[in-house]
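[1] Got a predicted model here, sequence first, then my questions.
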Amino acid sequence: MSRPQALSAAPASARPHVLIVDDSAVARAVLTRMVEDSAACRVAAAVADIASALRFLAAETVDVILLDLEMPGVHGLAGLPDIIAAGAGAKVLVVSSAAGEGAAATIEALALGAADTLVKPGRSVTSGGFAAALAEKLVRLAERSEPVVRAPTPQPAAPHDFDVVAIGASTGGIHALNSLLQALPTRFRKPIVITQHLPAGFIPYFAGQVAAATGRRCDVAADDMVLGEGAILVAPGNAHVTATPLPGGRTAIRLSRAVVANGNMPSVDPMFETFADCFGPRLLAVVLSGMGRDGLAGARRVRAAGGTVIVQDQASSVVWGMPGAVAAAGLAHAVQTPEAIGRFIASQQSAAL
């Protein structure tokens with residue numbers, strides 16, 4: 001993937017600054033070389049532990065922080081909230097051998113606010129492949145934001161409340177989703193269906209994380225599940241979640257592996273489109289932080305069916321690609337923080353299933 005011209009052509013002093021936090025001197029040296037060789041960013045400092053990182057961030061500003069997890073003293077996960085706070089908007093990319101596919105540490109890091117994760121090279125990972133993956137993630141995380149889109153205050157899908165909440169997210173979405181779900185009261189029982197771009201190996205941990213955030217059971221969606229009160233479903237990593245009507249006004253879940261235009265698996269678009277067909281004006285569709293434009297086509301269908309669309313605001317998004325595309329197309333009823341979206345959802349309690 002080619003680098004954006006604005007980053008690759010910039011002089012060293014103007015490139016986004018990176019802080020490396022890793023207890024291994026060898027890893028710090030290798031990462032420094034890779035970052036500098038990418039020509040997209042420059043290394044502002046490379047330190048050995050959380051305490052040194054916090055001291056540096058108290059005096060300096062960076063754009064991206066590369067954080068190891070397995071370090072002596074304060075573990076990377078334990079120090080992550082402080083790093084995020086001290087970074088004052090810097091995006092944290094966890095680079096660790098503990099961040100492999102299916103690792104609980106990966107989901108925990110993303111839930112705590114890490115922007116993304118990358119497995120540190122081992123015997124099965126070539127340095128060339130790792131360097132390319134690192135460069136691509138750095139470019140995306142350091143991209144300059146588009147101008148903020150102003151939007152009106154939320155408007156429920158008049159004259160109805162909603163019966164189901166469908167949420168789509170990608171990069172940065174797990175932390176945003178956590179904030180949204182934690183703003184819901186325990187009495188909230190309307191079904192929630194979530195499509196988060198994640199490999200299949202991460203999904204059981206992700207479902208567990210959602211359950212912890214809500215205090216409700218969360219299941220991985222499967223064929224023929226009936227969507228009912230209290231249900232929280234997450235898309236498996238290898239299929240889209242779609243809805244189909246059943247007799248008596250009920251709705252069943254169907255999994256689809258059809259190729260979609262945006263190339264994602266799972267994809268937000270099929271979820272939004274089929275839920276819009278089933279629920280019409282009684283659907284609330286939410287788009288959280290994520291790269292790309294997944295959810296845009298689905299949001300068009302939701303609006304055409306009379307449903308409500310709310311997207312995450314730019315300032316709180318790690319990547320404003322997905323919510324920004326919906327907002328720029330004029331499809332969002334509101335652009336809000338995840339916490340505000342959660343409060344809006346909680347305020348709509350009157351409709352029965």
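    Right, received. Where do you want to start?
[2] Do you know the pLDDT at Asp37?
    Model confidence at Asp37, given as pLDDT, is 87.
[3] same question, the one 5 residues further on
    Arg42 is assigned 93 on the pLDDT scale.
[4] Hmm, it is touching Ala14, no?
    No: counting by C-beta atoms under 8 Å, Arg42 sits too far from Ala14 to count as a contact (9.0 Å). From N, CA and C alone the C-beta is placed, and that goes for glycine too.
[5] Please identify which of those two sits among more neighbours.
    Taking other C-beta atoms under 10 Å, Arg42 and Ala14 do not tie; Arg42 has more neighbours (20 against 11).
[6] Counting by contacts, list what whichever helix or strand Ile341 is part of packs against.
    Taking DSSP states H and E as the criterion, Ile341 maps to helix 338-347. For helix 338-347, the packing partners by 3 or more C-beta pairs under 8 Å, 6 or more residues apart in numbering; DSSP states H and E come out as helix 173-182, strand 283-287, strand 308-312.
[7] Please name whichever of these is nearest to Pro338.
    Pro338 lies closest to helix 173-182 among the helices and strands packed on helix 338-347, at 4.0 Å (C-beta to C-beta).
[8] Pull out the buried positions in that closest one.
    By 16 or more other C-beta atoms under 10 Å, the buried positions in helix 173-182 come out as Gly173, Ile174, His175, Ala176, Leu177, Asn178, Ser179, Leu180, Leu181.
[9] Closest one of those residues to Met265?
    Distance ranking of these against Met265, using C-beta to C-beta, places Gly173 first at 15.8 Å.
[10] got the contact list for that closest one?
    Gln196, His197, Leu288, Ser289, Gly290 (C-beta atoms under 8 Å, 6 or more residues apart in numbering).
[11] Give me the buried positions along stretch 34-44.
    For stretch 34-44, the neighbour count (16+ other C-beta under 10 Å) marks Met34, Val35, Ser38, Ala39, Ala40, Cys41, Arg42, Val43, Ala44 as buried.
[12] What of stretch 208-225?
    Neighbour counts using 16+ other C-beta under 10 Å place Gln209, Val210, Ala211, Ala213, Thr214, Arg216, Cys218, Val220, Ala221, Met225 of stretch 208-225 among the buried residues.
[13] mind listing the helices for the protein?
    5-8, 25-38, 50-59, 76-87, 104-112, 127-142, 173-182, 203-214, 268-279, 296-304, 321-328, 338-347 (DSSP state H).
[14] now these as TSV including distance to Ala239?
    Formatted as TSV, these follow (distance: least, C-beta to C-beta, whole Å):
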stretch	distance to Ala239
helix 5-8	35
helix 25-38	35
helix 50-59	39
helix 76-87	30
helix 104-112	19
helix 127-142	25
helix 173-182	18
helix 203-214	10
helix 268-279	10
helix 296-304	16
helix 321-328	19
helix 338-347	26
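[15] rank those helices by pLDDT, which is bottom?
    Of all the helices of the chain, helix 5-8 carries the lowest average pLDDT, namely a mean of 42.
[16] Ala252 touches Leu233, doesn't it?
    No: judged on C-beta under 8 Å, Ala252 makes no contact with Leu233 at a distance of 11.6 Å.
[17] which residues do those two both contact?
    Met225, Leu227.
[18] out of these two, which sits in the more crowded spot?
    Between Ala252 and Leu233, counting by other C-beta under 10 Å, Leu233 is the more crowded of the two (22 against 15).
[19] Just the pLDDT at the more buried one, thanks.
    Model confidence at Leu233 (pLDDT) stands at 98.
[20] For it, give me its contacts.
    Taking C-beta under 8 Å, 6+ apart, we find Leu233 in contact with Pro191, Ile192, Val193, Ile194, Cys218, Asp219, Val220, Ala221, Met225, Leu227, Val241, Ile253.
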